[in-house]
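A.B. asks: need a 3D model of the following:
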Amino acid sequence: MDSKKTPLTKAPRLDAREASDITKNPYKVDFSLLASDENLHYLDSAATAQRPEAVVEAQKRFYENVNANALRGLYELSVEATQLVEDARQTVARFIHAKSPREVIFTKNTTESLNLAAHSLGELLLKPGDNVVVSVLEHHSNFLPWQIAAKAHGAEFRVIHPNKDGHFTEEELAEKIDDRTKVVAIAHVSNVLGTIAPVEKAAEIAHAHGAVCVLDAAQSVPHMQVDVQKLGCDLLAFSAHKVFGPFGVGVLWGRLELLEAMPPFLTGGEMIDSVSEEGAVWAPVPQKFESGTMDAAGIAGTAVALHYLEEVGMEAVEAREKALVSYLYQQLSALPFVHVLGPKDASRRVGVVSFTVDGIHPHDVASLLDSKHVCIRAGHHCAEPLHVWVGAESTNRASVAFYNDKADIDALIEALTYVWEVFHGSK
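C.D. replies: Take a look at the predicted model:
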């Protein structure tokens, strides 16, 4: 199952300039669902990405040719399944520039990774009088676990509020993070506003006070080059299904010395060295955090998804998505009945634009767009505190990936005009 034996993409390797031409689309051919229906305009990649054929085939090959429980057997198939998991661990480590594959833990999604981090760091670090700092922009998965951990250990739960454009200032970070702060948890990219957090500065301030910095990278790893060494964070989480891989696989990366100090989150099979009636000795990292049977097929597919992105080229991905989100913001902002949330400078966004339509509920907007084969999200996007902060009960969200093109955005704009006319008649 060596994913590098044959090309994973049918598209030519484009440089950043070539990829920025959103009037052309060499990428949809790799995605069966998109290639099979030219009238489908999928603009919900922030929720889940489409999977290239190479990823689907990788999982299929696993079940047809390997299909054994990793780590559980000494026979050839089980050994091969185990090797695929470890190869995937190395692939993830290389992709995010981890120092060691041992720093990569497989979970079932970003949510589980962040719950692991909150529970374990709570046990390790928090006591009454301490505080945990998060931002109001967080997905509930990086908000609720810390809120619960703080309450469980008698710590204060502090919330950072950005400026009106959705960006954190150094002054706000310095005001909320102090010597009693034990954890600073923030989203690298907001799943509603698409804004990029000043992670390096947040980590620097956190470390100056002896705190740990945890990063929700679910919306950044699929769309931009992520280097955990340069970011300076201590833990980082993302999901395979948002990075063009399978459902049911997540990643938690952490600095090895911190992972070794953290207690396990889930207990059971494969995460122990020994068990007696008196107690247990935990397995070394990463196995200490990987209890139970893992989705080896999904993990193998995740490795192929990352190989696929490497073959397409992250520079091309970033350049194309920057062009897409700039055009998306421009076109939405030109509609007089649409109000776009977040920064006016599209270059400060990553792939996500949330908006409201005057007098029309987001659910009605999304339903009518679906009748025109345009797929977007509607609701509070698991970020209710953010919506309260911006003064909107819910919003519509259009999110792009490199497999989108100008035609997808034009279809959205045309469909929004149709929605307005349904409620208000012709212009």
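A.B. asks: tell me the contacts of H209?
C.D. replies: By C-beta atoms under 8 Å, 6 or more residues apart in numbering, the contact list for H209 reads 177-179, 181. The C-beta positions use only the backbone N, C-alpha and C, and glycine is treated the same way.
A.B. asks: okay if I get these as a markdown table plus secondary structure, neighbour count and pLDDT?
C.D. replies: As requested, the contacts of H209 are exported to a markdown table (DSSP: H, G, I helix; E, B strand; the rest coil; neighbours: other C-beta atoms under 10 Å; pLDDT from 0 to 100):
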| residue | secondary structure | neighbour count | pLDDT |
| --- | --- | --- | --- |
| I177 | coil | 22 | 98 |
| D178 | coil | 13 | 98 |
| D179 | coil | 10 | 98 |
| T181 | strand | 21 | 98 |
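A.B. asks: between the residues you listed, which is closest to D345?
C.D. replies: Among those, I177 lies closest to D345 (C-beta to C-beta), at 26.3 Å.
A.B. asks: tell me which element the nearest residue to the closest one once chain neighbours are set aside falls in.
C.D. replies: Nearest in space to I177, with sequence neighbours left out and distances taken as C-beta to C-beta, 6 or more residues apart in numbering, is I205 at 5.1 Å. When elements are assigned from DSSP states H and E, I205 belongs to helix 199-208.
A.B. asks: okay, buried residues for that helix please.
C.D. replies: Neighbour-count burial for helix 199-208, counted by 16 or more other C-beta atoms under 10 Å, picks out 199, 202-203, 205-207.
A.B. asks: contacts only, for the most centrally placed residue in the chain.
C.D. replies: The C-alpha lying nearest the average C-alpha coordinate of the chain belongs to A218 (C-alpha atoms, centre = their mean; 1.2 Å). For A218, the contact set (C-beta under 8 Å, 6+ apart) comprises 110, 139, 141, 187, 191, 237-239, 242.
A.B. asks: straight-line length of stretch 185-193, end to end?
C.D. replies: 17 Å (C-alpha to C-alpha, to the nearest Å).
A.B. asks: then stretch 225-232?
C.D. replies: By C-alpha to C-alpha, the extent of stretch 225-232 from end to end equals 14 Å.
A.B. asks: one more: stretch 192-212?
C.D. replies: End-to-end span of stretch 192-212 (C-alpha to C-alpha): 25 Å.
A.B. asks: kindly report the same for stretch 388-395.
C.D. replies: Using C-alpha to C-alpha, the end-to-end distance of stretch 388-395 comes to 11 Å.
A.B. asks: what is the mean pLDDT for that stretch?
C.D. replies: Stretch 388-395 comes out with an average pLDDT of 94.
A.B. asks: adding distance to A297 and pLDDT, write the buried residues of helix 199-208 out as JSON lines.
C.D. replies: Shown next, in JSON lines, are the buried residues of helix 199-208 (distance: C-beta to C-beta, whole Å; pLDDT from 0 to 100):
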{"residue": "V199", "distance to A297": "32", "pLDDT": "95"}
{"residue": "A202", "distance to A297": "36", "pLDDT": "97"}
{"residue": "A203", "distance to A297": "35", "pLDDT": "98"}
{"residue": "I205", "distance to A297": "41", "pLDDT": "97"}
{"residue": "A206", "distance to A297": "37", "pLDDT": "98"}
{"residue": "H207", "distance to A297": "38", "pLDDT": "98"}
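A.B. asks: now the two most distant members of those.
C.D. replies: V199 and H207 (12.1 Å).
A.B. asks: need the residues touching each of these two.
C.D. replies: Residues touching both V199 and H207 (C-beta under 8 Å, 6+ apart) are 213, 232.
A.B. asks: quick check: end-to-end length of stretch 224-232?
C.D. replies: 16 Å.
A.B. asks: got the buried residues for that stretch?
C.D. replies: By 16+ other C-beta under 10 Å, the buried positions in stretch 224-232 come out as 224, 226, 228, 231-232.
A.B. asks: likewise stretch 50-67?
C.D. replies: The neighbour-count check on stretch 50-67 (16+ other C-beta under 10 Å) flags 50-59, 61-62, 66 as buried.
A.B. asks: among the residues you listed, which one lies nearest to P343?
C.D. replies: Distances from P343 to the buried residues of stretch 50-67, taken by C-beta to C-beta, are shortest for Q50, at 26.8 Å.
A.B. asks: residues contacting the residue lying closest to the closest one once chain neighbours are set aside?
C.D. replies: Using C-beta to C-beta, 6+ apart and skipping residues adjacent in sequence, the residue nearest Q50 is F31, 4.5 Å away. Each residue near F31 by C-beta under 8 Å, 6+ apart is listed here: 50-53, 403.
A.B. asks: for the residues you listed, give me JSON lines that also has distance to Q287.
C.D. replies: JSON lines is the format used below for the contacts of F31 (distance: C-beta to C-beta, whole Å):
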{"residue": "Q50", "distance to Q287": "32"}
{"residue": "R51", "distance to Q287": "28"}
{"residue": "P52", "distance to Q287": "30"}
{"residue": "E53", "distance to Q287": "32"}
{"residue": "Y403", "distance to Q287": "36"}
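A.B. asks: in its sheet, what does the lowest-mean-pLDDT helix or strand in the chain sit against?
C.D. replies: With mean pLDDT, DSSP states H and E as the measure, the helix or strand of the chain carrying the lowest mean pLDDT is strand 272-275 (a mean of 91). Here strand 272-275 is paired, per DSSP bridges, with strand 280-282 (antiparallel).
A.B. asks: and the strands in the stretch 201-350 of the chain?
C.D. replies: 212-216, 235-239, 250-254, 272-275, 280-282, 338-340 (DSSP state E, counting those that start in this stretch).
A.B. asks: I'd like these laid out as a markdown table, including distance to A398 and mean neighbour count.
C.D. replies: Shown next, in a markdown table, are these (distance: least, C-beta to C-beta, whole Å; neighbours: other C-beta atoms under 10 Å):
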| stretch | distance to A398 | mean neighbour count |
| --- | --- | --- |
| strand 212-216 | 21 | 27 |
| strand 235-239 | 20 | 28 |
| strand 250-254 | 25 | 28 |
| strand 272-275 | 46 | 12 |
| strand 280-282 | 45 | 13 |
| strand 338-340 | 10 | 18 |
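A.B. asks: understood, closing this out.
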